[in-house]
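> quick one, structure for this:
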Amino acid sequence: MPNATFHIESVSIEGFKAFTKPQTFSFGGRHVFLFGPNGLGKTSIVEAIRWCLFGLAARPGEIVKNQFYGGSCIVRMTLEGPNGQWSIQRRLRPAGGGESTIRDPSGSQRNLEDVFPLLGRIGPREGTHVIYAAQQPSSRRPEADITDFSYVVYRYLGLEEVPRLLEVLRRLSIDWQLREEGASKAIDDLGEEFSTRLADVEERLNRITADPPWGTALTPTNVETRDKIDKLASDAQALGAQCSDDTLDGLGFREKLFEIETALDTLLAGELETLSQALGERSSILLNAESLHTAACSSTNEIEELSYKKELVVQELVSLLNGSTVKATQEELQLVESDFERAQLKLDVVRSSSKYMDTIHHGAEKEVCPTCAAEVSYGQLKLALDELELSEDSNTKRLLEQRDQLRDRVSQGEELTGRQASLDSAIAEHEERRNGIIGDASQRFGLPSPASIESLGKYVDELRRQCQDLEVTVESRNEARRMWETRIENVRRELTFHELRTLKGRLQRLHDINYQALHEDLKELADLKDIADKTRNLLNSRLQQRLEKDLPPLANEMTQVYLRLTGSPTFDSMSIHQGKDADESMTLELRVSSSRGAGTWRVEDGILNGQALNAIQLVPYFVFSRYQEGPLLDLLLLDDPTQAFDTSKIRLLLGELAEAASHATLFVASHEEDRFLPVLKDFFCSEDVKAYRAVGIDDEGPHFEDVSISL
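Below is the predicted model of the structure:
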């Protein structure tokens, strides 16, 4: 069976595709084969699994909800994973799209990307799929569709980052060339750039005047803004902040504003720190008090539960002993055991006497009694001994049965008595624990005597109220702090306004400085582009060497799988052809050739028959899916994989599926039950396979029955 960490335990489907009312399929982590004619809901199960994981329909824009069902469209998968069962559910939102939730064994909701960080799939939206969630470095992205053949080959060779790096270098080279051209143009059009910068300053000034920090008053002068800073200082000092309030004391505008802001922040932050510290202390006491109160209530609940159990044990003991005691029953047992021993001895004596008479009897009418030596009739004595043996044997059995019953009663009574004593001990232990908790709370919090759970609960409620009051006070202080911050920020924006007006007069002087800087940038960009081009050429060369070495063995492996599936087709060899796209990026293309002649052909050229085409679509899945290292989830979904296959090739396909089953869980849907069932036993064990047969479909959805497989 697969070695992935997660296996599908069951799938529940409601309102999806052919399904209406909820149906659940229990797979138990086994490989699943779905048989039945087309149109009876097999594909709906395969697509439901994919939709639950990815929210993807078979075709873009396809409606997945059953249009004749008024309920919800939900697919839920139960996964057997680490520490128990996980569940993934996708529900179709009214506006379209799927809303997915995943819960761990404790019932806590988790993020799908956290549980399966690299959940990906190989395959188009219809047909065959390899679904997996690999444990790989976070910098590596999941696989692309198999239709992106170049990327999948690079992934298999461990080179998936190389094409991306080449593309990055190409784009960097283009970008730096464009920037170099832009820098050259900037040198020629410095006047235009200068105008742009002036426009930027104007725009920033306009943004300030559009929402002026001075409100509806006239635009302030530098002197008026200075007066506002002085007023800020005066108000801050009146509040208790440590700053001067009469003049700027030789400081610049922004430095003085910073001094006021720092002084206010120190004052208000100190008050907030004191209040927050008080809140933290009360919260800590509240946490301790709540903990003790919870523990005391827990002990009380335990005492009540144990007392109820004790009452049941006492009732059972009374019923067992019929109102008697264990000791009295033990004494009764001792008497019965003594009677039983005497009865056994007497029976042994009678039997021994009978055996003795049989031994000494020689046919005479009279014999001597072995006990009293009197002459007796043998027949009468023998008859008396037989009757006595029968009577004593019956008495012995009766006493034995009575002894066994008493022993059972004594044993059960002793066990119940022990349970009663154990419960008494546990009750006493919890009572002692509760009393200790109440005593501890009384000492910690000074509860009025006598302390109780009720008084502790009232203390907890009072602490809670105090914490709430402190939280309100802290929020009011924060609001005051925000008011001061807004006031200071408005003055700072006024300063920015004055600075921008001054900046307009300095731009012309900065023009010469920028001109020199542009020349330096131009040289730097040229150097960077040269480095990028050389690096890209070197990386391309190394990639070409690696592909020339590794592509032939990979193509050979794909050829072997293809031949196993098809036997000996006309086009009996596969190769991977290297080419370049319009951007000069290296591409890889799957091609076929024949040992009967030269030349290679693309798959889409139309030279392959139906069987070969279907086989060649399966080949990449069987090859590439083997190289998922340490998968968390590994599924191979195949919908009618035997289209156009000869009956003789079914065994070849099952051979490949059996090999894939060593790492992936199989879900195979096929309308060719008569071709699969006879040969399944040759490839799978009975405990590893679950099979269903589609038997019909109605308003409630498709109906399936278990298929009995002789494996």
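> identify the residues contacting Trp214.
220, 490, 494 (C-beta atoms under 8 Å, 6 or more residues apart in numbering). (Glycine included, C-beta is placed from N, CA and C.)
> look at it and give its secondary structure.
coil (DSSP: H, G, I helix; E, B strand; the rest coil).
> might you calculate how far the helix or strand Arg542 falls within sits from the centre of the chain?
In the assignment (DSSP states H and E), Arg542 maps to helix 453-566. Between the centre of helix 453-566 and the centre of its chain there are 29 Å (C-alpha atoms, centre = their mean, to the nearest Å).
> would you mind identifying the next helix or strand past it?
Following helix 453-566 in sequence, per DSSP H and E, is strand 573-580.
> could you give the angle of that following strand to helix 453-566?
Interaxial angle, strand 573-580 versus helix 453-566 (axes from the mean of the first three to the mean of the last three C-alpha atoms, to 10 degrees): 110 degrees.
> show residues contacting strand 573-580.
153, 544, 547, 551, 554-555, 558-559, 562, 586-595, 600, 616, 619.
> need the buried ones from those selected in ChimeraX.
To isolate the buried subset of the contacts of strand 573-580 in ChimeraX, counting by 16 or more other C-beta atoms under 10 Å, use the following:
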select :153,547,551,554,555,558,559,562,586,588,589,590,591,592,593,616,619
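> what's Ala669 sitting at in phi/psi?
phi -110, psi 130 (degrees, to the nearest 10).
> just use 9 as the starting number from now, easier for me
Done: numbering now begins at 9, and the last item shifts to Ala677.
> that one bridge partners, please.
Ala677 has these beta-bridge partners by DSSP bridges: Leu42, Asp647.
> in this protein, which residue is closest to the centre?
Val123 (4.1 Å; C-alpha atoms, centre = their mean).
> wait, that residue sits on Thr109?
No - with contact defined as C-beta atoms under 8 Å, Val123 and Thr109 do not form a contacting pair (11.3 Å).
> for the stretch 209-358 of the chain, which spans come out with low pLDDT?
252-259 (pLDDT under 70).
> among the contacts of Trp222, name the buried ones.
228, 502.
> which of the contacts of Trp222 sits closest to His15?
Asn498 (63.5 Å; C-beta to C-beta).
> what sits closest to the closest one if chain neighbours are left out?
Ranked by C-beta to C-beta, 6 or more residues apart in numbering and with sequence neighbours excluded, the top spatial neighbour of Asn498 is Pro221, at 3.6 Å.
> how close does the one you found get to Asp243?
17 Å (C-beta to C-beta, to the nearest Å).
> one more: Gly614?
With C-beta to C-beta as the criterion, Gly614 and Asp243 are 86 Å apart.
> show me the strands in the stretch 309-458 of the chain, by range?
Counting by DSSP state E, counting those that start in this stretch, the stretch 309-458 of the chain has these strands, from start to end: 374-376, 383-385.
> where do the helices sit along the stretch 559-708 of the chain?
Secondary structure of the stretch 559-708 of the chain (DSSP state H, counting those that start in this stretch): helices at 618-632, 658-668, 681-688.
> for Phe348, which of those is the nearest?
Checked against C-beta to C-beta, the stretch from the helices of the stretch 559-708 of the chain lying closest is helix 681-688, at 65.6 Å.
> what sits up against the closest one?
Residues contacting helix 681-688 (C-beta under 8 Å, 6+ apart): 41, 43-44, 650, 655, 658-659, 662, 676, 678, 697, 699, 701, 715, 717, 719.
> could you list the single helix or strand in this structure with the lowest mean pLDDT?
strand 137-142 (a mean of 53; mean pLDDT, DSSP states H and E).
> just to check, Lys50 is in contact with Ala677?
Yes - counting by C-beta under 8 Å, Lys50 touches Ala677, with 4.1 Å between them.
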